[in-house]
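Asks: I'd like to go over a predicted model; first the sequence, then the structure.
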Amino acid sequence: MELKEYLEILRKRGWIIVVMALLTAMAGFLFSGLQEPTYRASIQVRVEPARIDWGNVNAVKTLLRSYQVLIYSHQIAQKVIERAQLDMTTDQLLQYMKVDPDESNFTIRIDVEHRDPEVARQIAETTAQVFIENREQWNQKQRREDRVDVSIRDRVRNVPLVRPRPKLNALAGGVLGVLLGVVVILLLEWVEADILRTPEAVRRTLGLDVLGAIPPERKHVPEETPRPAWMRAWRRPTS
């Protein structure tokens, strides 16, 4: 297809894309109103060996994964609940929490999402503190050069709102609507692909010249019935 044919399709069916984009953007915006507000508290824990050498550094990289499992455990969660006096089970607490180790800078990031920003902050800070105390107890049983120091690198600074995001959802819905509109147009063009509408299409597809074409049907406008001579000559008297 030539460029002008694509432009003609866009001119004829472009309204489909516009309508689909508006509908899906509106749906995304309305969906945001149904979501419960959720806040995220994040805290970073620094992990570093007491002695810096190649063996200890690689050992700490390996330990980061095991520390992730330790933090995300019912044992730590139960201690957090008891210390923070939270009215929830360990399963519920772990559902709010996400733990990500980063081997590139020897840190562990603890993210907590909750509908109450203060509860999210409390869970994140208490979890980090309980984990640090757990490692300090472990260090007491190790030789000084074999210890792994754990400390809080960045405390919770703010607790931003992460859901809902009406503008972002509306934008995502609009993009999805554009894609759906394009799919609908392609489907309609595929269904009508066998219809030859222009002489150029006939010449290109069949290799034949068009000798004539049936003009489009025009609406019949009834002619006004001529009035009799006596009516044309009659004039309404003036008062």
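Replies: Structure received.
Asks: in the protein, which spans are strands?
Replies: Per DSSP state E, the chain carries strands over the ranges 38-49, 97-102, 107-114, 148-154, 161-163.
Asks: Which parts of the last one count as buried, going by neighbours?
Replies: Residues of strand 161-163 classed as buried by neighbour count (16 or more other Cβ atoms under 10 Å): none. Where you see a C-beta, it was placed from the backbone N, CA and C, and this is true even at glycine.
Asks: list the helices and strands that strand packs on?
Replies: Contact here means 3 or more Cβ pairs under 8 Å, 6 or more residues apart in numbering; DSSP states H and E; on that basis strand 161-163 packs against strand 38-49.
Asks: Can you give the strand pairings for the strand it packs on, parallel or anti for each?
Replies: Strand 38-49 has its sheet partners listed here by DSSP bridges as strand 107-114 (antiparallel), strand 148-154 (antiparallel), strand 161-163 (antiparallel).
Asks: shaky segments in the chain?
Replies: By pLDDT under 70, the low-scoring segments of the chain are 1-2, 53, 55-56, 192-239.
Asks: residue nearest the centroid of it?
Replies: With distances taken as Cα atoms, centre = their mean, Ala172 lies nearest the centre of the chain, 6.0 Å away.
Asks: tell me the contacts of the residue nearest to it when sequence neighbours are not counted?
Replies: Take Ala172 and drop its neighbours on the chain: the residue closest to it by Cβ to Cβ, 6 or more residues apart in numbering is Gly28, 5.9 Å away. Contacts of Gly28 were listed using Cβ atoms under 8 Å, 6 or more residues apart in numbering, and they are 166, 169-174, 176.
Asks: Kindly indicate the member of the residues you listed with the most neighbours.
Replies: Across the contacts of Gly28, neighbour numbers were computed from other Cβ atoms under 10 Å; Gly173 holds the maximum, 23 neighbours.
Asks: That residue: what's it in contact with?
Replies: Residues near Gly173 by Cβ under 8 Å, 6+ apart: 24-29, 31.
Asks: Now stretch 68-85: buried residues?
Replies: 68, 70-71, 76-77, 79-81, 84.
Asks: which residues are contacting that stretch?
Replies: Under the contact criterion Cβ under 8 Å, 6+ apart, stretch 68-85 has outside partners 86, 88-91, 93-94, 97, 99-101, 108, 110, 122-123, 126-127, 130-131, 134.
Asks: Can you flag the buried ones in those residues?
Replies: Judged by 16+ other Cβ under 10 Å, buried ones among these: 86, 88, 90, 93-94, 97, 99, 101, 108, 110, 122-123, 126-127, 130-131, 134.
Asks: any idea how far Val47 is from Arg157?
Replies: When distance is defined by Cβ to Cβ, to the nearest Å, Val47 is 20 Å away from Arg157.
Asks: If you count surrounding residues, which of those two has more?
Replies: Each of Val47 and Arg157 has its neighbours counted (other Cβ under 10 Å); Val47 has more, 23 against 10.
Asks: Now do stretch 29-46: distance to the chain's middle.
Replies: A distance of 13 Å separates the centroid of the chain from that of stretch 29-46, by Cα atoms, centre = their mean, to the nearest Å.
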